[in-house]
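1. Below are the sequence and a predicted model for it; my questions follow.
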Amino acid sequence: QQQVKQSPQSLIVQKGGISIINCAYENTAFDYFPWYQQFPGKGPALLIAIRPDVSEKKEGRFTISFNKSAKQFSLHIMDSQPGDSATYFCAASVNTGFQKLVFGTGTRLLVSP
Amino acid sequence: DGGITQSPKYLFRKEGQNVTLSCEQNLNHDAMYWYRQDPGQGLRLIYYSQIVNDFQKGDIAEGYSVSREKKESFPLTVTSAQKNPTAFYLCASSRTTGTPRANTEAFFGQGTRLTVV
């Protein structure tokens, strides 16, 4: 119930291509879905987040698509750049006023030049 | 600059030793968290605290202890009871407005890599 399943585990995309990472959840009480970006040896940083009252949120080259009925959400990185090479984590929480986040297992993205 | 400071960056522990990881924040956040990161397993919650002098166990609290005597500080002790302590430990903090759907983004520190030698 508390798990967030993330795929793929790793992804290689050519520069300029679209990177897509998918996540699925079971707990229908989750109402906050952030994506975090982590570079080697660093802590994760919030990239973009969505709440279930919208189906899509776009910030620059990053878009979250959310399908409430399927309990799935995905991150799309348009025009992928080598600087986007990092590990990406989806997460979910019941937003009761603080962030007790449940994380996916991560996707290591490599954007080839 | 506001942020979360974890120290040390690297820590080596001998078998049977307790070690304490430091986490300090100057973001005036009420809530603080400790996560453990292992390859292929994402981040797992160890302990969290919503207010000073109060904390709760997360999903993998066995072998760990925490204290929250000050709002700014949330140290984590890895005890000798933790059988597999080698991991990357991340501290985070967030606001707790008490209002659902408020902006309560979690900010992470740079992590401490603990290795048992």
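-> Alright, I've got the coordinates. Numbers count the residues shown, from 1 in each chain, chains lettered A, B, ... in the order given.

2. tell me the phi and psi of residue 91?
-> No chain in the question, so chain A it is. Dihedral pair for A:Ala91: phi -150, psi 170, per degrees, to the nearest 10.

3. Might one say that it is in contact with A:Phe33?
-> Yes: between A:Ala91 and A:Phe33 there is a contact under Cβ atoms under 8 Å: 7.1 Å. To be clear about C-beta, it is placed using only N, CA and C from the backbone, and glycine gets the same treatment.

4. hey, what's A:Ile48 bridged with?
-> In this entry, A:Ile48 is beta-bridged to A:Trp35, by DSSP bridges.

5. repeat for the one 10 residues further on
-> Judged by DSSP bridges, the bridge partners of A:Lys58 are A:Thr63.

6. Could you say which helix or strand holds B:Leu11?
-> Assessed by DSSP states H and E, B:Leu11 sits inside strand B:10-13.

7. ditto for B:Lys83
-> Counting by DSSP H and E, B:Lys83 is part of no helix or strand.

8. ok, it to chain A distance?
-> Computed as Cβ to the nearest Cβ, to the nearest Å, the B:Lys83 to chain A distance reads 22 Å.

9. For the residue lying closest to that residue once chain neighbours are set aside, which residues are in contact?
-> The shortest distance from B:Lys83 to any non-neighbouring residue, by Cβ to Cβ, 6 or more residues apart in numbering or on different chains, is to B:Gly63 (6.8 Å). B:Gly63 sits next to B:78-79, B:81-83, B:85 when contact means Cβ atoms under 8 Å, 6 or more residues apart in numbering or on different chains.
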